[in-house]
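> What follows is a predicted protein model with its sequence.
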Amino acid sequence: MIALLFALQDWVDVECERLRREKPEIAAKVDRPPGLDAANYRQFRNPVPQCLRDLVKIGKDAVPLLLQRWGRMDELTLSDAERDALLEAIVRVPGLVGDVRAESFLTGVLNSDAAESLRGHAAVSLGMIGAKDPLLPVLDDRKQPKAVRQACARAVGRLTDSLELIRARLDDDAIWRDLIAALGLLGSSWAWEARGGGDEVRKGCHDLLLEQRRRRPEESALVDQSLKMVDWK
Amino acid sequence: MHRYLLLLLLTSCGGGGGSGGGDDGGGGSPPPEPPAPVVDIDADLNRNGVVEDGETGDYAVFYWNIDDDDDNNAVDSGDDLASVVVRRFPPAQSVTVSVSASAQGRVKIFRAGNLVYSSGASFMIDAADVQAGDVELGIEAINRIQPAWNGYVTLTLDIDGVTDAVTLRCAPYLMATNLWPVEQLHVVNVGSNNQAFRTALQEVAGLAGCQYVEVPGGSYQNDRWLQDSSEPGVVYLPGTPRKRVDSVLQTARWRPVDQWCKNALWGPDFDFLERFSTSTTSLNYGGNIECVPPHAGHPWGRVLIGGGTSSPIGGGTPITREQTQVYRDFWDALAIQGPHLKISTEWLAVGHVDEIVSFVPAPATTRGWVVAIASPDVAKQILQTVKNNGGGAKKVFAGRSGWETTVDAILADAALLTYNQEVQVRLDAIREVLQTNVGLADGEFVHLPVLFEDSGNGALAYNPGVVNLMPLPTPTGIHLIIPDPEGPDDPTDAWQADIVAKLAPLGTGAQPIVIKFVNVFFSYHTLSGEAHCGLNAVRTPPDMDWWNP
């Protein structure tokens, strides 16, 4: 699976070569994240492997190096916890730094036989980079693991134009709670402050959430959390 | 305390002639009856430090003897005993003292330095000794209060089938609150990495008149998280004056600096309450064990911990993280500061209450304290104001390699802001829990600027978390050690200015709030902690009796 994902990723190798030549310090931090070195993370307040935060701060330069790492995990000697932390970071960093170059990689992970948690993180990252098309087939495929579909549902909340897409799926009980969360993410007043605009989307989210609260009063606490995110006055 | 009169049949001698009468003024009245002997066991039921005959009250107090008066690095036994007196009684066939069921094996009883009870249902006293005079016993606890034993023991004296009983209560460990003045301030010296922090602490300790104590980091693998290692408190025993025994509770953390409290603090009149779980979850750490200061129904405050079940920020499969049950049970069994109150912290990477709330002495307020609570909303609003003033390009975390950013960059990061809005929703819910359970008004929360970010293991403070502060109250001022948030200059640090503007008015002319911002960036913050995490303190308990609520 890993090899297949990278058969078409020539840009990754080219970009990694450039980074190692021009920004060797950054490359070193990505190639061997300090947060995966036991001597370091044992000094953390909670002494567990942790590298996502450091890698996100590197920004988009980290992405090709991480994608290359995905195919070369065997080069590192890692404990299970260290390995899990790194794999999660590889899948999550592209979304958190908004690197659209990783779309095909993330799509590959989403459609792979990787752990459900990784597939879920790939889905959310796809949403964060605005890649709608890879998400919908998995979201609508009821044969997919529930946790992966739920992650796809939350991922569509990261898109900026997904109101109708969400509305159309609110009868699907398996993902209903995640779609409610997605409406909170989609309508997030703080996110729209960052982007600018969004009043129409937020108003739509607000109305849809109120409708869902009337429909399922027993879930009003969940819906209210999303309403607080939308914060439509 | 109850007494049961022995039924003694006093018979007159000589058929009514009054043989023992002597001249009693006419020969008609009988001699005065000798006092009827009673079965009587006494303890200091009025808790004045002395056992008197005939005391009444609900319980006397005794001590879980875990200090080290002889400084031999071993738990004491046979000293610091609470007295129990079996009163003199005429000849009897048998004298037995029984121990209430839940206390059996959890107390030791001595007589004249000799152990007379350590297990079982009862022990005997030689009847001849009781006939000869009062028999004094001494009692100590050898086990912690817990659900299976609430600290009470009832000793029932049985003399030939007639009984009397007395109840004693083991003095509970009382956790310090942030309102207690600091006597000693502790920090781990990890060398140049936290030199700036330690220099600032020394200065504040000098101003606050407390002893500054450095723990040698080299002896503890530079484990700097002293707050997490142990929880200082006190045990109070009746007496004139009341006896204070300092106490330090070791947390179930199992990391190097946990041993420091045993090595350095344990000693004469200083308890060491050794950890009692093999669990190592970070929710056991001391930063997740705080005490809400005194409030209605809780004159000694109430233990506050974090944990629960929820989805990570951003969604996903709910996770459960809890402080280990045996510690949660302990807080409740202590009773005086229980039942514990829990707020949701499982979504945080470390998972501690001190990452999101802190209790700050506030002499200018009616209650005398407020809750400092982390607020992404406030942090964002301040950045927005800076931007609106034309300062979007201003640096945040200026000069911090790999971390420096700008106001504009933060405010344009939709993912970061969405994350923080979710955190804010959770913090609002936590505030409601505190309001409901403690009875706090909106105005008793001080919202301080803290943004959060995803660590991969949960939420961490994005800027140095300013609620992770350390109060050093003194009669002449409240000294607050607060992490430097390293916000944008507008013209001075805008986050700092907000903190000062909110906290300074909580002081008075006699007791001003004195704030010291300390550099924790690379010494604590980037390692997932802040200022409070790296400190601990021995504090002066209030002048009040826990046994007289």
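Arrived safely, thanks for sending. Residues are numbered from 1 along each chain as shown, chains lettered A, B, ... in the order given.
> got the CA coordinates for stretch B:447-465 in PDB?
The C-alpha trace of stretch B:447-465 is given here as PDB (Å, rounded to 0.1, in the frame of the first residue of the first chain):
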ATOM      1  CA  HIS B 447     -10.700  35.300  32.000                       C
ATOM      2  CA  LEU B 448      -7.000  35.300  31.100                       C
ATOM      3  CA  PRO B 449      -5.600  35.100  27.600                       C
ATOM      4  CA  VAL B 450      -4.600  31.600  26.600                       C
ATOM      5  CA  LEU B 451      -4.800  30.000  23.200                       C
ATOM      6  CA  PHE B 452      -4.500  26.300  22.700                       C
ATOM      7  CA  GLU B 453      -3.200  24.000  20.000                       C
ATOM      8  CA  ASP B 454      -3.300  20.400  19.100                       C
ATOM      9  CA  SER B 455      -0.300  18.400  20.300                       C
ATOM     10  CA  GLY B 456      -1.400  15.200  18.800                       C
ATOM     11  CA  ASN B 457      -2.200  13.900  22.300                       C
ATOM     12  CA  GLY B 458      -4.700  16.600  23.100                       C
ATOM     13  CA  ALA B 459      -4.800  20.300  23.700                       C
ATOM     14  CA  LEU B 460      -1.800  22.200  24.900                       C
ATOM     15  CA  ALA B 461      -1.400  25.900  25.700                       C
ATOM     16  CA  TYR B 462      -0.300  27.700  22.500                       C
ATOM     17  CA  ASN B 463       1.100  30.700  24.400                       C
ATOM     18  CA  PRO B 464       2.700  30.200  27.800                       C
ATOM     19  CA  GLY B 465      -0.400  29.300  29.800                       C
END
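> Now do the contacts for residue 170.
No chain was given, so I picked chain A. Contact partners of residue A:170, counting by CB atoms under 8 Å, 6 or more residues apart in numbering or on different chains, are A:176, A:179, A:208, A:212. To be clear about C-beta, it is placed using only N, CA and C from the backbone, and glycine gets the same treatment.
> not quite, I wanted chain B
B:61-64, B:141, B:145, B:151-153.
> picking up where we left off before, please identify, among the contacts of residue A:170, the one with the most neighbours.
Neighbour counts for those (other CB atoms under 10 Å in any protein chain shown) peak at residue A:179, which has 27 neighbours.
> Which is the succeeding secondary structure element to the helix or strand hosting it?
Using DSSP states H and E, residue A:179 sits in helix A:176-186. Using DSSP H and E, the helix or strand that follows helix A:176-186 in sequence is helix A:189-195.
> helices or strands next to the helix or strand that that following helix is followed by in the packing?
Later in the chain than helix A:189-195, the nearest helix or strand by DSSP H and E is helix A:199-215. For helix A:199-215, the packing partners by 3 or more CB pairs under 8 Å, 6 or more residues apart in numbering or on different chains; DSSP states H and E come out as helix A:163-167, helix A:176-186, helix A:189-195, helix A:220-230.
> residue in chain A nearest to chain B?
Distances between chain A and chain B by CB to the nearest CB are smallest at residue A:52, namely 3.2 Å.
> Just give the nearest non-adjacent residue to that residue, would you?
Nearest in space to residue A:52, with sequence neighbours left out and distances taken as CB to CB, 6 or more residues apart in numbering or on different chains, is residue B:456 at 3.2 Å.
> wait, isn't the one you found in contact with residue A:56?
No - when contacts are counted by CB atoms under 8 Å, residue B:456 is not listed as touching residue A:56 (9.2 Å).
> Neighbour count for the two, which is higher?
Higher neighbour count among residue B:456 and residue A:56: residue B:456, with 24 against 21, using other CB under 10 Å.
> Next up, the contacts around that one.
A:50-53, A:85, A:88-89, A:92, B:349.
> rewinding a little: the inter-axis angle of the helix holding residue A:179 versus helix A:199-215?
Helix A:176-186 runs at 150 degrees relative to helix A:199-215, counting by axes from the mean of the first three to the mean of the last three CA atoms, to 10 degrees.
> counting contacts, what elements does helix A:176-186 pack onto?
By 3+ CB pairs under 8 Å, 6+ apart, helix A:176-186 packs against helix A:146-156, helix A:163-167, helix A:199-215, helix A:220-230.
> which other residues reach the third one?
Counting contacts by CB under 8 Å, 6+ apart, the residues outside helix A:199-215 that touch it are A:160-161, A:163, A:166-167, A:170, A:180, A:183-184, A:186-187, A:189, A:192, A:219-220, A:223-224, A:226-227, A:230-232.
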